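**Q** Sequence first, predicted model second:
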Amino acid sequence: MSAKLEVLSQNLQKHFGGQIGLLQVSLGEITIDVDVADYQVVMTRLRDEPDLRFEELMDLCGVDYSTYGNGNWSGKRFAAVSHLISVTHNWRLRVRCFASDDDFPSIPSIVTIWNSVNWFEREAFDLYGIVFPGHPDLRRILTDYGFIGHPFRKDFPISGYVEMRYDPDQQRVIYQPVTIEPREVTPRIVREKSYGDVENG
Amino acid sequence: MADIQNYTLNFGPQHPAAHGVLRMVLELDGEVVMRADPHIGMLHRATEKLAENKTWIQSVPYMDRLDYMSMMCNEHAYCMAIEKLLGVEVPVRAQYIRVMFDEITRILNHLLWIGAHGLDVGAMTMMLYAMREREDLVDCYEAVSGSRWHAAYYRPGGVYRDLPDTMPQYKESKWKSSAKLKQLNEARSGTLLDFLDDFVARFPKIADEYETLLTGNRIWKQRLVDVGIVTPERALQLGYTGPMIRGSGIAWDLRKKQPYEVYDRVDFDIPVGITGDCYARYLVRVEEMRQSNRIIKQCIDWLRVNPGPVITDNFKVASPPRANMKSNMEELIHHFKLCTEGIHVPEGQIYSTVEHPKGEFGIYAISDGANKPYRLKIRSPGLVHLASLDELTRGHMIADVVTMVGTIDIVFGEIDR
């Protein structure tokens, strides 16, 4: 761990000791897990504390963990992962917040802390169905007007449910159930740890 | 007399100044914009979802199609994410080639931007000039990858192949005389590096030409100066990056602050604006082109004297050389496994970023150890910048909306993904 990450992780421990569920350092990045109840408080302090000073939110995205590791996931299903950056200190941080209810995922909005999160939260709502209470304008953003479902959830098929075509009889564009067969060219494979290990296998 | 209500105007998605498929609902009071509501998603292809269903390597060409005006920079962030997860070293020569093509891409992108921005505001000639130079640079794309646009040249572990010794030539036709042909092909008679060297020598003068046309131009300044001012504080709040944040006076550039590849070994400056208006952002981008030109020159000089491998020799990541594949059992197995199953990326998560011509382009990848990403999130700078359009345009005249759309340099491939 580089000296800079060391300082950052110490500062995080100092300010949030108990509020951080898990502080994980890997590949030169720090990830912290924050509970939904503490989310807004922690985020505000991450921005305002002089020895943290994360002035910019770079990214926020939803993640659906339901099929992680071929279904060996025991934790909560939905999370919002945000990436913060400090222009002052030149360091980055990843904050992950799991929604407590899998059937109605809800995570408080942080749009008043960083205005840039506005469209990211709309996107996470659109694609994953995560609701952000406190967001001023939580509409769908990327999918079609009148779209049904949340397409990036793992149980949503990649081909979708409906397809669109021009119907010459009715002389208008219509929606109908998809007619293409789902196919997988390369199967998804998770190998065991010792796979291909000639010395110890 | 009845109250005069706000007028709602639908702008796009089929408007020539909409830069693709932007639809905006503008609420107007007379000619003044009271609210702008951009509707995006017309070009949404669910690249991230598609990537979850493809092996890691199969998604590389999809990256070209995100920001289709700066193709190789997109690939760069994606390949870097895989390399970081795998812990693979990229050979130095490949790093120089990547830096060189990143900067070529930056010039390509800014040229299109200056042309389109000029066109939006009424300077038609800029488009013609910019396309002339872009032609030379897409020829470089063609020389290394065979494709003028969607290159798929960067691969996890390096680049697809070394720089070629020949350039594509103009061929004789009834529109090109042999004398003209000879003149056109003169710079293309040597290697790619010779051709680029010639371009680099010509470019500062070409940039001067652009500036002669625009920088002091009265109409250009009337349309750009003091339009769309963003203070540094707001720029941070709105998540600005790249030329947008530098135009507001914050010297933030990932190439300097968090150097990747060999950016710490090349010499260049970061231009910073003072006023934070559209004109400042214009000046920043023009200066960036000149700085990119400097970087390209340094890369050419290094690449000329330092031959070496351009892709990693870890055959679990990159294919072995074809000749060995034909004569060697182990290489054949590696090739077979790579083609049928793909790379296995260890479990973990990574956020890898590059200083893309438009700002910070990031790839957030989660791997659960499979041959496909578990989740891939593309952080596109254009989406964040477009989200601030409402704030930028509020209180401006309707004609300034077009200037604003131009200044944030949007390409819908990356915004809608």
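**A** It's in.
**Q** so residue A:34 makes contact with residue A:42?
**A** Yes - with contact defined as CB atoms under 8 Å, residue A:34 and residue A:42 form a contacting pair (5.0 Å). Yep, even glycine has a C-beta here, placed from its N, CA and C like the rest.
**Q** Now the common contact residues for those two.
**A** Common contact partners of residue A:34 and residue A:42 (CB atoms under 8 Å, 6 or more residues apart in numbering or on different chains): A:19-20, A:95.
**Q** Out of those, flag the one nearest to chain B.
**A** Distances from chain B to these, taken as CB to the nearest CB, are shortest for residue A:95 (11.7 Å).
**Q** count of neighbours near that closest one?
**A** When counting by other CB atoms under 10 Å in any protein chain shown, one arrives at 23 neighbours for residue A:95.
**Q** again with residue A:146
**A** A count of neighbours around residue A:146, defined by other CB under 10 Å, yields 7.
**Q** mind listing what's buried in stretch B:180-196?
**A** Of the residues in stretch B:180-196, those scored as buried under the neighbour-count criterion (16 or more other CB atoms under 10 Å in any protein chain shown) are B:187-188, B:191-196.
**Q** Go ahead and confirm residue B:244 touches residue B:408.
**A** Yes - the pair residue B:244 and residue B:408 passes the contact test of CB under 8 Å, sitting 6.6 Å apart.
**Q** pull the longest helix from chain A.
**A** Across chain A, the longest stretch assigned as helix under DSSP state H is helix A:3-16.
**Q** what about the residue of chain A found nearest chain B, how many neighbours?
**A** Closest approach between chain A and chain B, counting by CB to the nearest CB: residue A:116, at 2.7 Å. One way to gauge burial is a neighbour count; for residue A:116, by other CB under 10 Å, it gives 25.
**Q** about what we covered before: which of the buried residues of stretch B:180-196 sits closest to chain A?
**A** Nearest to chain A out of the buried residues of stretch B:180-196 is residue B:196 (CB to the nearest CB; 32.5 Å).
**Q** For chain A, which residue occupies the most central location?
**A** The centroid of chain A falls nearest to residue A:62 when counting by CA atoms, centre = their mean (2.6 Å).
**Q** quick one: that residue is in a strand?
**A** Yes - applying DSSP: H, G, I helix; E, B strand; the rest coil, one finds residue A:62 inside a strand.
**Q** ok, it - contacts?
**A** A:78-81, A:123-124, A:127-128, A:130, A:152.
**Q** which of those residues count as buried?
**A** Under a neighbour-count criterion of 16+ other CB under 10 Å, the subset of the contacts of residue A:62 counted as buried comprises A:78-81, A:123-124, A:127-128, A:130, A:152.
**Q** Please convert those residues to JSON lines, extending it with secondary structure and pLDDT.
**A** What follows is the buried ones among the contacts of residue A:62, written out as JSON lines (DSSP: H, G, I helix; E, B strand; the rest coil; pLDDT from 0 to 100):
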{"residue": "A:78", "secondary structure": "strand", "pLDDT": "92"}
{"residue": "A:79", "secondary structure": "strand", "pLDDT": "93"}
{"residue": "A:80", "secondary structure": "strand", "pLDDT": "93"}
{"residue": "A:81", "secondary structure": "strand", "pLDDT": "93"}
{"residue": "A:123", "secondary structure": "helix", "pLDDT": "92"}
{"residue": "A:124", "secondary structure": "helix", "pLDDT": "93"}
{"residue": "A:127", "secondary structure": "helix", "pLDDT": "92"}
{"residue": "A:128", "secondary structure": "helix", "pLDDT": "93"}
{"residue": "A:130", "secondary structure": "coil", "pLDDT": "93"}
{"residue": "A:152", "secondary structure": "coil", "pLDDT": "92"}
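**Q** so what's residue 24 up against?
**A** Unless you meant another one, I'm taking chain A. The neighbourhood of residue A:24, defined by CB under 8 Å, 6+ apart, consists of A:30-32.
**Q** You answered for a different chain; I wanted chain B.
**A** Residue B:24 makes contact with B:10-12, B:18, B:36-39, B:389, B:401, according to CB under 8 Å, 6+ apart.
**Q** Narrow those residues to those that are buried.
**A** Among these, those buried by neighbour count (16+ other CB under 10 Å) are B:11-12, B:18, B:36, B:38-39, B:389, B:401.
**Q** Show me which of those is closest to chain A.
**A** Closest to chain A out of these is residue B:39 (8.4 Å), distances taken as CB to the nearest CB.
**Q** got TSV for the buried ones among the contacts of residue B:24, with distance to chain A, secondary structure and pLDDT too?
**A** Formatted as TSV, the buried ones among the contacts of residue B:24 follow (distance: CB to the nearest CB, whole Å; DSSP: H, G, I helix; E, B strand; the rest coil; pLDDT from 0 to 100):
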residue	distance to chain A	secondary structure	pLDDT
B:11	17	strand	83
B:12	15	coil	75
B:18	17	helix	71
B:36	13	strand	90
B:38	9	strand	91
B:39	8	strand	90
B:389	11	helix	90
B:401	18	helix	88
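**Q** and those residues, which two are the farthest apart?
**A** With CB to CB as the measure, no two of the buried ones among the contacts of residue B:24 lie farther apart than B:39 and B:401, at 14.3 Å.
**Q** tell me the strands in the chain, going along the chain?
**A** Defaulting to chain A. With strands called from DSSP state E, chain A shows them at A:20-26, A:29-34, A:56-64, A:78-86, A:91-98, A:162-167, A:172-177.
**Q** Chain B is the one I meant
**A** Using DSSP E, the strands of chain B run over B:7-11, B:23-29, B:32-39, B:154-155, B:158-159, B:348-356, B:359-367, B:375-379.
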